[in-house]
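Asker: Next one to model:
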Amino acid sequence: MGKSDKLAIQLASDILPIDEKETRRRVEEHLETIRLYRQIGFVRRQAALTASPEPRYHGSTNAISRTTENIAIWNTDRGAELEQQSKLLDMAMERLKKSEREIIQLRYLEYEDEYDSILCGELGMSDRKYRRIKSRAIYVLACALGLEVLIDHN
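Answerer: The predicted model follows:
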């Protein structure tokens with residue numbers, strides 16, 4: 001990490017205090033969602049057409065149930081949303097340095113449960129260097145994807 005990177009991170013942290021733990025959790029959850037989407041695709045919701053055996057004791061509400069319509073809208077919107085998130089992640093990944101991109105790709109997007117201790121050995125890095133690079137990559141992705149969580153001092 002160069003002097004300008006450290007300065008930018010320090011300035012951003014001083015101006016906008018970031019909750020590192022929650023930000024990391026959100027980025028990792030986002031990466032997991034995209035990994036699953038890329039590996040197995042989008043799992044669509046299905047309408048259950050089985051009538052409920054429970055009696056309904058109420059008067060006529062004249063309300064129309066649009067279960068199938070709501071499910072179709074959700075399926076369409078969620079599929080488009082995941083596709084857009086995947087494209088945004090690709091654009092954010094292009095902004096990372098090669099080592100950062102490689103760590104995120106191997107740790108979060110290719111394998112399900114790859115351990116950090118194994119990856120740092122495979123990449124020929126010390127544990128400390130690996131964690132520092134990974135931490136910066138997660139921070140950059142959080143900012144690029146709008147996933148950072150600010151600390152509220154109120």
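Asker: looking at it, residue 100 is touching residue 137, isn't it?
Answerer: Yes. Using Cβ atoms under 8 Å, residue 100 makes contact with residue 137 at a distance of 3.6 Å. Yep, even glycine has a C-beta here, placed from its N, CA and C like the rest.
Asker: Name the residue in these two with the higher neighbour count.
Answerer: Remark: of residue 100 and residue 137, residue 137 carries more neighbours, 25 against 21, as counted by other Cβ atoms under 10 Å.
Asker: The more buried one: what's it in contact with?
Answerer: Residues near residue 137 by Cβ atoms under 8 Å, 6 or more residues apart in numbering: 96, 97, 100, 101, 103, 104.
Asker: Centre-most residue in the protein?
Answerer: Using Cα atoms, centre = their mean, the residue of the chain that lies closest to the mean C-alpha position is residue 30, 0.8 Å off.
Asker: mind checking the SS state of the closest residue to that residue other than its chain neighbours?
Answerer: Closest residue in space to residue 30, ignoring its immediate chain neighbours: residue 147 at 6.0 Å, by Cβ to Cβ, 6 or more residues apart in numbering. Applying DSSP: H, G, I helix; E, B strand; the rest coil to residue 147 yields a three-state assignment of coil.
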